[in-house]
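A.B. asks: Mind looking at a prediction? Sequence and model below.
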Amino acid sequence: MLGEPEYSMNELFAQLGLDSSDEAIDDFITENQLASEEKLTEASIWTDNQRMFLQEEWQKDAAWVETIDELNVRLHPDA
C-alpha cells in the first residue's frame, strides 16, 4: 500500500501560484522573513486563496504538511 505523496518546496510554490524556481523560492523567503510571533497563515504575504490552502492543508495534516512546515521554519529563522 502506498503512503501519502511527498511534495517538494517547488511543488508547494507552484500550488500557491508563485514562481517555483529554486532562485525565486530563495528570493521569496529572503524577502518575506516573518517575526517570530507571526503565524505563517496570518502573514500579509499571502492572498486569501493561498492562506486558505495553507490553513486547510495544515489542519488536515495532509500530504503537504511537511513542506508547509519547512516553509514555516525557513520564514522564521529567528524562532
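C.D. replies: Nice, thanks for sending it over.

A.B. asks: list the buried ones in stretch 32-49?
C.D. replies: 34, 40-41, 43, 46 (16 or more other Cβ atoms under 10 Å). Placement of C-beta: from N, CA and C, glycine included.

A.B. asks: no no, stretch 12-23
C.D. replies: Buried-residue list, stretch 12-23, by 16+ other Cβ under 10 Å: 12-13, 15-16, 18, 20.

A.B. asks: Ok, stretch 63-75 next?
C.D. replies: 64, 67-68, 71-72, 74-75.

A.B. asks: Not counting its own residues, what contacts that stretch?
C.D. replies: 4-9, 11-12, 15, 29, 32-34, 40, 43, 54, 57-58, 79 (Cβ atoms under 8 Å, 6 or more residues apart in numbering).

A.B. asks: rewinding a little: adding pLDDT, secondary structure and distance to Gln50, write the buried residues of stretch 12-23 out as CSV.
C.D. replies: Converted to CSV, the buried residues of stretch 12-23 look like this (pLDDT from 0 to 100; DSSP: H, G, I helix; E, B strand; the rest coil; distance: Cβ to Cβ, whole Å):
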residue, pLDDT, secondary structure, distance to Gln50
Leu12, 97, helix, 10
Phe13, 98, helix, 10
Gln15, 97, helix, 9
Leu16, 98, coil, 5
Leu18, 98, coil, 8
Ser20, 98, coil, 13
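
A.B. asks: Tell me the spacing between Trp64 and Ala43.
C.D. replies: 17 Å (Cβ to Cβ, to the nearest Å).

A.B. asks: Also Arg74?
C.D. replies: From Arg74 to Ala43 the distance is 13 Å (Cβ to Cβ).

A.B. asks: cool, Phe53 as well?
C.D. replies: 13 Å.

A.B. asks: Gln33 now?
C.D. replies: Gln33 is 10 Å from Ala43, by Cβ to Cβ.

A.B. asks: on contacts alone, who are the packing partners of the helix or strand harbouring Phe28?
C.D. replies: For Phe28, the host element (DSSP states H and E) is helix 22-31. Secondary-structure packing of helix 22-31 (3 or more Cβ pairs under 8 Å, 6 or more residues apart in numbering; DSSP states H and E): helix 9-15, helix 65-75.

A.B. asks: Cool, thanks, signing off.
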